[in-house]
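Trainee: coords below, sequence missing:
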């Protein structure tokens, strides 16, 4: 389907750069690995997951180091999307008040910029969770360097954070694929249709038109 879409680039807009897609892919990949191995360590009923990839010892060491890669990807994401996703406008607030049109269909949903308010909130949560999981994870990694009570609290906090982050990722993936057909391709090959851009991110599309930038030649 992607190949068919890319054949008609005149009707497409290059929405994301290759670096943005790689950062997103690295974040997604490390999150999935950390979550799956994490629940394998946390719940006996999921202990088969670490067993499938070498027992418990190897995945445990890998979990720690993949966590560092995940945090590095979080820093890259913060540097790439900080300016756009940390700025909220009045129309973003209205978008949030209306639930983005997901909870109830509305005809007067404010047009979004390159990223809608929901994506901005998710970005902020992702960066916060990156630091949260790193801090609690490091204390768990070096338990002898900290008071026992702090280590025990961090085990609980790390587990709660992992569950909350896992739920957020599932919701993000669901809304970015099934609920918004055409969104998934943004992070796969970078192209979106002009009609999709007009309907999903109307303000950004207008900015492209006003700047007269060929969307299939330069990402904004």
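Mentor: Structure's in. What do you need? Keep in mind that this is a model prediction, so the values were computed, not measured.
Trainee: look up how far residue 156 lies from residue 147.
Mentor: According to Cβ to Cβ, to the nearest Å, residue 147 and residue 156 sit 15 Å apart. Yep, even glycine has a C-beta here, placed from its N, CA and C like the rest.
Trainee: apologies, that question was intended for residue 190.
Mentor: Counting by Cβ to Cβ, the gap from residue 190 to residue 156 is 40 Å.
Trainee: of the two, who's got more company?
Mentor: Using other Cβ atoms under 10 Å as the criterion, residue 190 and residue 156 rank with residue 190 on top: 18 against 10.
Trainee: who are the neighbours in contact with the nearest residue to the more buried one once chain neighbours are set aside?
Mentor: Nearest residue to residue 190 in three dimensions, chain neighbours excluded: residue 16, at 4.6 Å (Cβ to Cβ, 6 or more residues apart in numbering). Contacts here follow Cβ atoms under 8 Å, 6 or more residues apart in numbering; on that basis residue 16 touches 24, 186, 187, 190, 219.
Trainee: does residue 16 count as helix, strand or coil?
Mentor: coil (DSSP: H, G, I helix; E, B strand; the rest coil).
Trainee: just read off the phi/psi values of it.
Mentor: With angles defined as degrees, to the nearest 10, residue 16 sits at phi -130, psi 140.
Trainee: tell me the pLDDT of it.
Mentor: Per-residue confidence at residue 16 stands at 88 (pLDDT).
Trainee: please apply the same query to residue 189.
Mentor: As predicted, residue 189 sits at a pLDDT of 83.
Trainee: ok, it to residue 128 distance?
Mentor: 30 Å.
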